[in-house]
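Kindly generate the corresponding structure for this input.
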Amino acid sequence: MTSTDNERWQQVKKRLRVELGEDVFSSWFARIELENADNGTIRLSVPTRFLRNWIQSHYSEKVLGLWQAEDPLVSRLELSVRSATVRPLPTKPKAPDAQLHAREATLNGAEVRASVPFMTVHEALGGSPLDPRLTFETFIVGRSNTLANAAARQVATSRRGEPLMFNPLYIHSGVGLGKTHLLQAITWAGNGGERKVLYLTAERFMYGFVSALRTQTTLAFKEAVRAIDVLMIDDLQFLQGRSTQAEFCHTLNALIDAGRQVVIASDRPPADLESLDDRVRSRLAGGLVVEIGSLGEELRLEILKSRIAAACIHHPGFDVPAPVLAFIAKSVTHNGRDLEGAVNRLLAHSKLTGQPVTLEMAEHEMRDLIRPAEPKRVRIEDIQRVVARQYNVSRADLLSSRRTANVVRPRQVAMYLAKVLTLRSLPEIGRRFGGRDHTTVLHAVRKIETLAGNDSAFAEEIESLKRQLQD
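Model prediction:
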């Protein structure tokens, strides 16, 4: 292979990038290599059979045409799957997904290995980037996440063909409490196994589907995703677009009906995913729904110890006294990311100033991480339950079309509380109350505000309901 052939190949790739766009080029051509060029035949190689088939079906004519523009004597294009090789992680990856090419990575002195079949499947299908630190070994288990951890491990250790205990597995929690850690841990546990495991963020799923629509390759996209044995979708609350949600619904049904495992993570339970179709929410709720609660002080302390132990491997002189650990565990209560930020601040101060870590220094550095306790997140279901109990009606009555006085007033109260205690819009609240119009909700809110302003006893009744819901 001559230098001229390499120059022509670079020109072909440049044209592909311009004509197809950076996203499509990165997805399908970033890992294609020129093997040789002779006797009018160009031989290219890719790391996986899937990539070869896809390029042959959708882009072979375009690639050949671009080669012929550079060299009119070329008449044939051959694609092959090159033998798997172990490649080191680039020191400066050209794209975020380049980290997925790593075959070996070192974390906290422990070696994290990714087998070639696992990573090439993940790469070829456009899987979201994986963090080698997020494994089951580094997940700290406490009272608030025991069930979620056990369920995730059960999914990770299941074998192809075995009956699924629960499907889908749906994990929800606030920010920074470990949802993504568990999903990626399942993915890493699939390393080298017999099952095809794929981790996607909702954003990546949307991008893949929209790109397939744009390039008229939706059938191949569907077939590829539905051939996965364990599919994980992270941050489902960000899934937008009617056609994308419809495709997700079809994918979810197809995988579950075929006995393949689906794992979902979101910041809220299925019932609160207002933008999703009722059928999708029902299917999600039909599996195992697990909430990861807030981190208790004991768990926060264990997380801090783990993070500091990891930092000490690379920074042997780094030492955090027990009183400082206890102070941070007691004061920094928001989520695990704040705890990691706290450790990074202590490490930076220690290394940059050369001063030892003291309680006084920690109190100064942690000022903005010590946040007031967040108010309890009130759900519409909780409002309906409390109001129904207060006024001796059923939740079904609140959602029904009944217009008797003993139902209308509680329904209006519940709608009013939903408006003032949640972030839901008027149309969303209306849908949650039997599919009512937003003008009905607005009327209820104004009615209750007027009554509370004119009747102090009724106003106290409303305040009492608010306290019940917020305590």
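
so where is the stretch 51-200 of the chain shaky, pLDDT-wise?
83-126, 192 (pLDDT under 70).

could you show me where the strands are in it, in order?
Ranges of strands in the stretch 51-200 of the chain, per DSSP state E, counting those that start in this stretch, are 76-81, 104-107, 110-113, 169-172, 197-201.

Within the sheet, what are the partner strands of the first one, with directions?
Looking back up the chat, that one is strand 76-81. strand 41-46 (parallel) (DSSP bridges).

Need the contact partners of the strand it pairs with.
For strand 41-46, contacts defined as Cβ atoms under 8 Å, 6 or more residues apart in numbering pick out 31-37, 52, 55, 63-64, 67, 74-82. In short, each C-beta sits where N, CA and C put it, glycine included.

starting at the chain centroid, how far to that strand?
36 Å (Cα atoms, centre = their mean, to the nearest Å).

Domains in the protein, by residue range?
The chain breaks down into these domains under automatic domain parsing: 3-81, 96-291, 297-369, 380-470.

Make a markdown table out of the ones you listed and add mean neighbour count.
Output for the domains of the chain, formatted as a markdown table (neighbours: other Cβ atoms under 10 Å):
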| stretch | mean neighbour count |
| --- | --- |
| domain 3-81 | 16 |
| domain 96-291 | 18 |
| domain 297-369 | 16 |
| domain 380-470 | 17 |
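
okay, residue 440: pLDDT?
In this model, residue 440 is scored at 93, pLDDT.

quick one: it and residue 451, what's the gap?
17 Å (Cβ to Cβ, to the nearest Å).

try residue 400
22 Å.

same deal with residue 39?
89 Å.

cool, residue 349 as well?
57 Å.

secondary structure class for residue 264?
Counting by DSSP: H, G, I helix; E, B strand; the rest coil, the backbone at residue 264 sits in strand.

Could you check how far it is from residue 10?
Relative to residue 10, and taking Cβ to Cβ, residue 264 is found at 42 Å.

same check, this time on residue 200
Counting by Cβ to Cβ - residue 200 and residue 10 are separated by 31 Å.

go on, residue 417?
64 Å.

Also residue 224?
The gap separating residue 224 from residue 10 is 29 Å, by Cβ to Cβ.

What are the phi and psi values at the nearest residue to residue 451 once chain neighbours are set aside?
Using Cβ to Cβ, 6 or more residues apart in numbering and skipping the chain neighbours, the partner closest in space to residue 451 is residue 458 (5.4 Å). Here is the backbone geometry of residue 458 (degrees, to the nearest 10): phi -70, psi -40.

Now do the same contact list for the nearest residue to residue 183 once chain neighbours are set aside.
Leaving aside its sequence neighbours, residue 183 sits nearest to residue 232 (Cβ to Cβ, 6+ apart; 4.6 Å). Counting by Cβ under 8 Å, 6+ apart, residue 232 touches 183, 186, 187, 197, 198, 199, 200, 262, 263, 264, 265.

what does residue 297 give?
So residue 297 contacts 329, 330, 333 (Cβ under 8 Å, 6+ apart).

Please state the backbone phi and psi of the last one?
Read it as residue 333. Torsion angles, degrees, to the nearest 10, at residue 333: phi -110, psi 0.

what's the pLDDT at it?
78.

Could you measure from the residue nearest to the spatial centre of the chain over to residue 377?
The chain has residue 234 as the residue nearest its centroid, 2.0 Å off, counting by Cα atoms, centre = their mean. For residue 234, the distance to residue 377 equals 20 Å [Cβ to Cβ].

Ok, residue 40 next?
With Cβ to Cβ as the criterion, residue 40 and residue 377 are 67 Å apart.

And for residue 425?
Residue 425 sits 16 Å away from residue 377, going by Cβ to Cβ.

same deal with residue 457?
Distance from residue 457 to residue 377, by Cβ to Cβ: 29 Å.

Also residue 247?
From residue 247 to residue 377 the distance is 30 Å (Cβ to Cβ).

Likewise for residue 325?
29 Å.

which one is residue 449 nearest to, not counting chain neighbours?
residue 416 (7.3 Å).

Spit out the contact partners of that neighbour.
Counting by Cβ under 8 Å, 6+ apart, residue 416 has contacts 444, 445, 447, 448, 449, 462.

what sits against the last one?
Taking Cβ under 8 Å, 6+ apart as the contact definition, residue 462 lies against 413, 416, 417, 448, 452.

in which helix or strand would I find it?
helix 456-470 (DSSP states H and E).

and what of the second one?
Residue 445 is located in helix 438-454, with elements delineated by DSSP H and E.

Packing partners of that helix?
Here helix 438-454 touches helix 405-421, helix 426-432, helix 456-470, going by 3 or more Cβ pairs under 8 Å, 6 or more residues apart in numbering; DSSP states H and E.

Great, nothing more from me.
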